[in-house]
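Asker: Quick one, what's the 3D model for this:
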Amino acid sequence: MESLEEIKARAERAVPGAKITIVPNPGPANQPSLLLDNEHATAVVQFLRDDSELRLDHCSNATGVDWLDRKVSKKVKVKKVVEGEEKEVEETQEDLFPGYLEAVYHLYSMTHKHGPVVIRTRTKDRAEGARLPSLTPIYRSAEFQEREIFDLYGVRFDGHPDLRRILMWDEFVDYPMRKDYREPDDYEYEPTPHDEVLEKAKQHQSTRPELDGAEKLTARS
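Answerer: Take a look at the predicted model:
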C-alpha cells in the first residue's frame, strides 16, 4: 500500500480544495492518521473507497474522542525596564487551545487486503450541537457506530439516515463519554434520597451554593 504521504497527495489532487493533515501518533502503535476538513470529507472518503489502487472498501470501526480545553505554558523572553534599566527577562506565557470532538474511522481494503488507513474529522468546538459529516452514505457499517458517537459524545452527523440514541434512553440528558461528564446523583425520574444518594448529593452542595433544600438532592454538578 502507498505511504500516508502519497495517499494524502493523491487525495488532494483528486478533490480540489480538500485540506488534509497528517496527524502523528506518538504512542506505541505509531499509527498516524489523516485529518480531513469537514467540507470535503465525504468527497475524500469517496475517493479512498473507489480509487482502483486503494479500494478502501470496508470501515471496520468508528469511534469518538473528546479533547478538553487545554493550556500550554512556554517560556518567552521579553524586554522590561528593571530599576530604570531595560533588560531582557524570561516570563511564562500560557496559550489556551479550545477543545473539540473527533470521529475516527479505520478503513481497510477487502479487495487488496491492506490497511488500515485511519481518518478523522473534527468539530469546531465542544458546544451543544457540534456537527460532522456522516460517512454512513459511503460505508453502511458506520451507521450504528456514528449513532453511538452521537449518543455518548453528542456529535450530530449531517447526512446520517437515522440519527438517534442507541445505548441511552431518549429522556437521558448529557453525553456519558465526555471527559467532563458527571453522573447524576439518582437515575430515577422521581428522586428518592436513599442514604447513598443523599451522601452523593451532599458532596455537591458546596459546589452549587445557589441551590438549597430539595434541589440539592437532585442537582448535577
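
Asker: what pLDDT does the residue lying farthest from the centre of the chain get?
Answerer: Relative to the C-alpha centroid of the chain, counting by Cα atoms, centre = their mean, residue 84 is the outermost residue, at 50.5 Å. As predicted, residue 84 sits at a pLDDT of 78.

Asker: Same check on the one 4 residues further on?
Answerer: With respect to pLDDT, residue 88 has a value of 81.

Asker: Looks like it contacts residue 79 (just checking).
Answerer: Yes. The criterion here is Cβ atoms under 8 Å, and residue 88 meets it with residue 79 at 5.5 Å. Where you see a C-beta, it was placed from the backbone N, CA and C, and this is true even at glycine.

Asker: OK, contacts around the residue nearest to residue 112 when sequence neighbours are not counted?
Answerer: Of all residues not flanking residue 112 in the chain, residue 55 sits nearest, at 5.4 Å (Cβ to Cβ, 6 or more residues apart in numbering). When contacts are counted by Cβ atoms under 8 Å, 6 or more residues apart in numbering, residue 55 touches 49, 109, 111, 112.

Asker: okay if I get the residues you listed as JSON lines plus neighbour count and pLDDT?
Answerer: Listed next are the contacts of residue 55 as JSON lines, based on neighbours: other Cβ atoms under 10 Å; pLDDT from 0 to 100:
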{"residue": "49", "neighbour count": "18", "pLDDT": "98"}
{"residue": "109", "neighbour count": "20", "pLDDT": "98"}
{"residue": "111", "neighbour count": "12", "pLDDT": "97"}
{"residue": "112", "neighbour count": "14", "pLDDT": "97"}
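
Asker: of all those, which comes closest to residue 181?
Answerer: Lowest distance from residue 181 to the contacts of residue 55 (Cβ to Cβ) belongs to residue 49, with 34.1 Å.

Asker: Counting neighbours, which bits of the helix or strand hosting that closest one end up buried?
Answerer: In the assignment (DSSP states H and E), residue 49 maps to helix 41-50. Neighbour-count burial for helix 41-50, counted by 16 or more other Cβ atoms under 10 Å, picks out 41, 42, 43, 44, 45, 47, 48, 49.

Asker: ok, the residue nearest to residue 112 to residue 110 distance?
Answerer: Here the criterion is Cβ to Cβ, to the nearest Å. By it, residue 55 lies 8 Å from residue 110.

Asker: which residues of this structure fall in helices?
Answerer: All helices of the chain, identified by DSSP state H, fall at 4-14, 41-50, 142-153, 195-205, 215-218.

Asker: Not counting the helix holding residue 49 itself, show me its contacts.
Answerer: Under the criterion Cβ under 8 Å, 6+ apart, residues 7, 11, 14-15, 18, 20, 36, 54-57, 107, 117, 119, 121, 132-133, 135, 137-139, 159 lie in contact with helix 41-50.
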